[in-house]
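S.K.: no sequence on this one, just coordinates:
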């Protein structure tokens with residue numbers, strides 16, 4: 001007998017679906033939604049216990065491999081919940097930070113094994129809670145999460161967070177462990193409620209993280225401190241910004257290291273940035289340049305921005321032997337952000353006259369300063385052939401730009417009338433092969449004695 005036309009069709013329900021399509025639907029759910037399904041009905045509870053559903057979540061959030069699962073001898077669901085009970089508050093950060101640490105260890109393990117040996121084991125949740133009680137501030141979850149993986153490193157050289165070397169200046173930054181960081185927590189004016197993340201035992205330089213939005217800083221912003229050389233107030237501290245959060249700061253650094261963005265030199269990470277377009281080839285000789293900003297030798301007030309550059313000169317291995325030549329002189333054209341130009345010419349480079357032959361590489365480091373936040377350099381080297389003494393030729397040095405990182409001016413300066421301080425910002429930049437202790441700004445002491453000339 002036909003059903004009456006006015007009867008309503010039965011309500012649709014997920015539970016009415018066959019098991020296989022329902023499991024397929026559940027496989028697309030996030031872990032929180034999958035957990036919620038356990039409380040909706042008996043059938044969904046049973047299906048949510050299907051172990052393969054939790055495999056994806058274990059790999060996505062905790063980076064658990066098949067090998068690790070076998071070692072634990074637990075189901076995927078049991079592994080997910082046991083890990084969640086310990087690290088659940090960090091679920092949005094853990095996979096990203098764990099991958100960064102794993103990639104860094106793998107990369108450095110092949111190139112700088114001594115540095116990997118300086119890493120410390122993870123800390124416990126109660127250790128982090130104790131530090132929060134000690135300093136009276138909450139630590140951000142991404143920072144806490146990183147220390148649940150590795151508790152920074154020992155105070156050793158080389159430091160994990162990169163090095164820089166000039167003739168009489170050396171910096172190597174360690175990633176501080178949680179207890180050392182807590183011991184350096186700042187409450188003084190100018191650095192109020194700031195936690196050190198790194199430390200250099202040679203220069204005393206640190207990168208700090210602001211734990212509160214005070215003194216013009218954003219919460220969790222990371223920066224180098226830069227004392228205002230022209231203010232009478234010692235709490236007037238400008239800031240070179242290096243990150244907006246711990247997660248962004250640490251993962252972007254690791255990415256530059258493991259992708260080869262920062263070179264490994266003498267078992268250390270050197271924070272030189274190389275622009276792939278900053279390469280010029282003249283016949284068989286290629287010149288490439290990488291640069292770095294040095295915050296510890298720079299200041300905002302007065303404007304004095306210090307950069308170092310590393311130049312690589314290489315002759316093709318396929319060049320003929322008679323192409324061998326020697327560098328005689330250099331010419332630089334240096335331009336600051338205002339368009340002011342300075343030209344520098346001189347013999348050799350850093351006091352040397354290198355010989356370049358097929359397959360040979362010559363590298364050197366020098367430095368320059370600007371009174372503006374950016375500038376660029378370009379020029380050429382003059383060589384003479386060793387086989388034909390009277391043959392001279394120029395080799396192009398590609399244009400390379402140097403840009404100061406974002407900085408913030410101290411709120412103490414903003415609150416003070418500085419009309420009495422006049423700054424001459426028309427100073428020229430200079431190639432420091434010719435820079436003989438020349439301080440071109442108002443009464444700023446050299447942070448490390450003389451300005452480094454070369455390495």
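M.R.: That came through fine. In this text the structure is predicted, and so the values were computed from the model without any measurement.
S.K.: going by C-alpha atoms from here, please, whenever you check contacts or count neighbours.
M.R.: Will do.
S.K.: residue 61 belongs to a strand?
M.R.: No. Judged by DSSP: H, G, I helix; E, B strand; the rest coil, residue 61 forms no part of a strand; its state is helix.
S.K.: residues contacting the closest residue to it other than its chain neighbours?
M.R.: Nearest non-adjacent residue to residue 61, counting by C-alpha to C-alpha, 6 or more residues apart in numbering: residue 95, 5.3 Å away. Contact partners of residue 95, counting by C-alpha atoms under 8 Å, 6 or more residues apart in numbering, are 60, 61, 62, 63.
S.K.: so what's residue 211 up against?
M.R.: Per C-alpha under 8 Å, 6+ apart, neighbours of residue 211: 137, 138, 139, 140, 193, 194, 195, 219, 220, 221.
S.K.: how many neighbours does the last one have?
M.R.: Around residue 221 sit 20 other residues, with neighbours defined as other C-alpha atoms under 10 Å.
S.K.: spatially nearest residue to it (excluding sequence neighbours)?
M.R.: Nearest to residue 221 is residue 244, by C-alpha to C-alpha, 6+ apart, at 4.5 Å.
S.K.: go on, the second one?
M.R.: Spatial nearest neighbour of residue 138, chain neighbours left out: residue 132 (5.5 Å); criterion: C-alpha to C-alpha, 6+ apart.
S.K.: confirm that that neighbour sits in a helix.
M.R.: Yes. Under three-state DSSP, residue 132 sits within a helix.
S.K.: hang on, residue 401 packs against residue 373?
M.R.: No. Assessed by C-alpha atoms under 8 Å, residue 401 is found out of contact with residue 373, at 11.0 Å.
S.K.: might you report the residue contacts of the residue nearest to residue 221?
M.R.: 220, 221, 222 are the contacts of residue 244 under C-alpha under 8 Å, 6+ apart.
S.K.: okay, now the last one: neighbour count?
M.R.: Right, the one you point to is residue 222. Each residue near residue 222 was counted by other C-alpha under 10 Å, and the total is 27.
S.K.: just the pLDDT for it.
M.R.: pLDDT recorded at residue 222 is 98.
S.K.: that one pairs with what?
M.R.: Counting by DSSP bridges, residue 222 is bridged to residue 209, residue 243.
S.K.: hang on, the earlier thing: closest to residue 293 among the contacts of residue 244?
M.R.: If you rank those by distance to residue 293 using C-alpha to C-alpha, residue 222 comes first, at 16.2 Å.
S.K.: that closest one against residue 245, yeah?
M.R.: Yes. Assessed by C-alpha under 8 Å, residue 222 is found in contact with residue 245 at 6.8 Å.
S.K.: tell me the contacts of the residue lying closest to residue 64 once chain neighbours are set aside?
M.R.: Excluding the flanking residues, the one nearest residue 64 by C-alpha to C-alpha, 6+ apart is residue 58, at 5.6 Å. Neighbouring residues of residue 58 by C-alpha under 8 Å, 6+ apart: 64, 76, 79, 80.
S.K.: average pLDDT across the host helix or strand of the last one?
M.R.: The one in question is residue 80. Assigned by DSSP states H and E, residue 80 belongs to helix 76-87. The predicted model assigns helix 76-87 a mean pLDDT of 95.
S.K.: check stretch 370-389 too.
M.R.: Throughout stretch 370-389, pLDDT has a mean value of 95.
S.K.: buried ones in it?
M.R.: Along stretch 370-389, these residues count as buried under the neighbour rule (16 or more other C-alpha atoms under 10 Å): 370-386.
S.K.: among the residues you listed, name the ones in strands.
M.R.: Using DSSP state E, the subset of the buried residues of stretch 370-389 located in strands is 370, 374-385.
S.K.: please enumerate the helices of the chain.
M.R.: 19-26, 31-37, 42-48, 52-62, 66-72, 76-87, 94-111, 113-116, 125-135, 141-147, 178-183, 246-258, 411-414 (DSSP state H).
S.K.: got the angle between the longest one and helix 246-258?
M.R.: Orientation note: helix 94-111 sits at an angle of 30 degrees relative to helix 246-258 (axes from the mean of the first three to the mean of the last three C-alpha atoms, to 10 degrees).
S.K.: picking up where we left off before, residues near the residue nearest to residue 138, how many?
M.R.: When neighbours are defined as other C-alpha under 10 Å, residue 132 has 14 of them.
S.K.: do the same with residue 336
M.R.: Look at residue 336: counted by other C-alpha under 10 Å, it has 23 neighbours.
S.K.: which stretches of the stretch 351-455 of the chain form strands?
M.R.: 355-356, 361-370, 374-385, 392-403, 407-408, 430-431 (DSSP state E, counting those that start in this stretch).
S.K.: could you dump the ones you listed to CSV with distance to residue 47?
M.R.: Shown next, in CSV, are the strands of the stretch 351-455 of the chain (distance: least, C-alpha to C-alpha, whole Å):
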stretch, distance to residue 47
strand 355-356, 71
strand 361-370, 64
strand 374-385, 61
strand 392-403, 57
strand 407-408, 55
strand 430-431, 71
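S.K.: ok, back up a step: the residue nearest to residue 138 and residue 140 touch, don't they?
M.R.: No. Assessed by C-alpha under 8 Å, residue 132 is found out of contact with residue 140, at 10.3 Å.
S.K.: just to revisit the earlier point, ChimeraX command to pick out the buried ones of the contacts of residue 95?
M.R.: Buried subset of the contacts of residue 95, written as a ChimeraX selection, criterion 16+ other C-alpha under 10 Å:
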select :61,62,63
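S.K.: which one of the contacts of residue 95 is nearest residue 181?
M.R.: Looking across those and measuring by C-alpha to C-alpha, the closest to residue 181 is residue 62, at 26.9 Å.
S.K.: how about that closest one, nearest residue that isn't a chain neighbour?
M.R.: Nearest residue to residue 62, sequence neighbours excluded (C-alpha to C-alpha, 6+ apart): residue 95, at 5.7 Å.
S.K.: spatially central, which residue of the protein would that be?
M.R.: Centroid-nearest residue in the chain: residue 253, 3.0 Å away (criterion: C-alpha atoms, centre = their mean).
S.K.: can you get me a residue count around the nearest residue to residue 251 once chain neighbours are set aside?
M.R.: Distance criterion C-alpha to C-alpha, 6+ apart; nearest residue to residue 251, sequence neighbours excluded, is residue 100 at 6.1 Å. By other C-alpha under 10 Å, the residues close to residue 100 number 21.
S.K.: repeat that for residue 15.
M.R.: 12.
S.K.: what about it, distance to residue 378?
M.R.: Using C-alpha to C-alpha, to the nearest Å, residue 15 is found at 71 Å from residue 378.
S.K.: and for residue 267?
M.R.: Distance of residue 267 to residue 378, given as C-alpha to C-alpha: 30 Å.
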